[in-house]
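Novice: structure for the following, please:
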Amino acid sequence: MQKKDLIFGSVIILLFLPVFLIEPLLDAYKTFNQQHGMIMSFVKFAVLATLGEVIGLRIKTGEYNKTGFGILPRALVWGLLGLTIQMAFVIFSVGTPQFLAYLGLEHAPAAFNAPGFSTMKLLVAFSISAAMNLIYAPVMMTLHKITDTHIENNGGTLAGLLQPINIGEIMAGINWKVQWSFVFRKTIPFFWIPAHTITFLLPADYRVLFAAILGIVLGVLLAVAAILGKK
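Specialist: Predicted coordinates for the structure are as follows:
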């Protein structure tokens with residue numbers, strides 16, 4: 001670990017730790033999150049998932065930023081993706097328990113919304129995570145790959161981000177072997193489904209925050225996928 005890594009880590013800790021240690025700040029976060037969930041989802045993913053990509057860049061290149069990387073465009077894209085993630089959380093956390101009830105597990109919705117822990121709640125949380133990650137996650141990950149490539153192709157600028165996206169050309173250039181064998185086949189069943197099972201066991205106020213923190217991990221995984229794609 002180099003000096004710049006210690007400085008980077010210290011700055012991150014100093015920025016985020018007060019929110020959890022100072023009770024008025026934590027209360028303010030909870031209140032604003034309850035009243036403006038979509039706005040907070042945008043902010044959390046714009047900050048935390050982009051932070052993950054910065055760490056991923058450090059893994060790939062040894063630097064936290066470089067010309068053409070485009071931190072601001074990536075943050076904007078992650079914020080917009082965060083809105084869709086919040087939407088997915090609402091749809092799957094409400095719809096999956098109802099579907100389980102339709103299949104015969106009548107107590108699934110009540111168990112999921114009940115406080116505390118139970119075997120039924122674990123089963124429902126796992127089902128929500130599996131449904132969301134098998135149906136929504138591949139689409140989101142592919143969309144991110146497309147926007148990520150578009151940002152790089154246009155110099156990492158905000159103006160470049162607003163240029164028309166050549167989706168067909170970008171999709172034709174994706175290394176689908178890596179996208180399938182690593183991003184989809186390995187990270188979804190072995191990391192994302194278990195991780196989001198834990199997410200859906202948390203109180204509702206903390207689910208999207210925890211998911212955004214996992215976005216840091218996503219940035220690292222995407223960096224690994226990029227390295228594999230170049231081999």
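Novice: low-confidence stretches in the protein?
Specialist: 1, 19-20, 219, 222-224, 226-231 (pLDDT under 70).
Novice: which stretches of it form helices?
Specialist: In the chain, the helices defined using DSSP state H lie at 3-21, 23-35, 37-61, 71-102, 108-113, 119-135, 137-153, 158-161, 167-173, 176-178, 193-201, 204-229.
Novice: could I get those helices as a markdown table with distance to residue 187 and mean neighbour count?
Specialist: (Each C-beta comes from the backbone N, C-alpha and C, glycine too.) Converted to a markdown table, the helices of the chain look like this (distance: least, C-beta to C-beta, whole Å; neighbours: other C-beta atoms under 10 Å):
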| stretch | distance to residue 187 | mean neighbour count |
| --- | --- | --- |
| helix 3-21 | 23 | 11 |
| helix 23-35 | 27 | 12 |
| helix 37-61 | 13 | 20 |
| helix 71-102 | 16 | 19 |
| helix 108-113 | 25 | 18 |
| helix 119-135 | 9 | 19 |
| helix 137-153 | 9 | 18 |
| helix 158-161 | 26 | 14 |
| helix 167-173 | 20 | 11 |
| helix 176-178 | 11 | 14 |
| helix 193-201 | 10 | 19 |
| helix 204-229 | 5 | 19 |
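Novice: which of the ones you listed sits closest to residue 186?
Specialist: Closest approach to residue 186 among the helices of the chain (C-beta to C-beta): helix 204-229, 9.2 Å.
Novice: and the helices of the chain as TSV, adding distance to residue 185?
Specialist: Listed next are those as TSV, based on distance: least, C-beta to C-beta, whole Å:
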stretch	distance to residue 185
helix 3-21	31
helix 23-35	34
helix 37-61	20
helix 71-102	20
helix 108-113	28
helix 119-135	12
helix 137-153	10
helix 158-161	30
helix 167-173	19
helix 176-178	10
helix 193-201	12
helix 204-229	12
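Novice: residue 184: which of those is closest?
Specialist: Proximity to residue 184 (C-beta to C-beta) singles out helix 137-153 among these, at 5.7 Å.
Novice: run the chain-centre distance for the closest one.
Specialist: 13 Å (C-alpha atoms, centre = their mean, to the nearest Å).
Novice: and for that helix, what's in contact with it?
Specialist: Residues from elsewhere that reach helix 137-153 (C-beta atoms under 8 Å, 6 or more residues apart in numbering): 68-70, 73-74, 77, 81, 84-85, 88, 160-161, 163, 165-167, 170-171, 173-174, 179, 183-184, 188, 192, 222.
Novice: tell me, how many residues neighbour residue 67?
Specialist: 7 (other C-beta atoms under 10 Å).
Novice: show me what contacts the spatially closest residue to it that is not a sequence neighbour?
Specialist: The spatially closest residue to residue 67, leaving aside those adjacent along the chain, is residue 156, at 7.2 Å (C-beta to C-beta, 6 or more residues apart in numbering). Contacts for residue 156 (C-beta under 8 Å, 6+ apart) come out as 67, 68, 69, 70, 71, 73.
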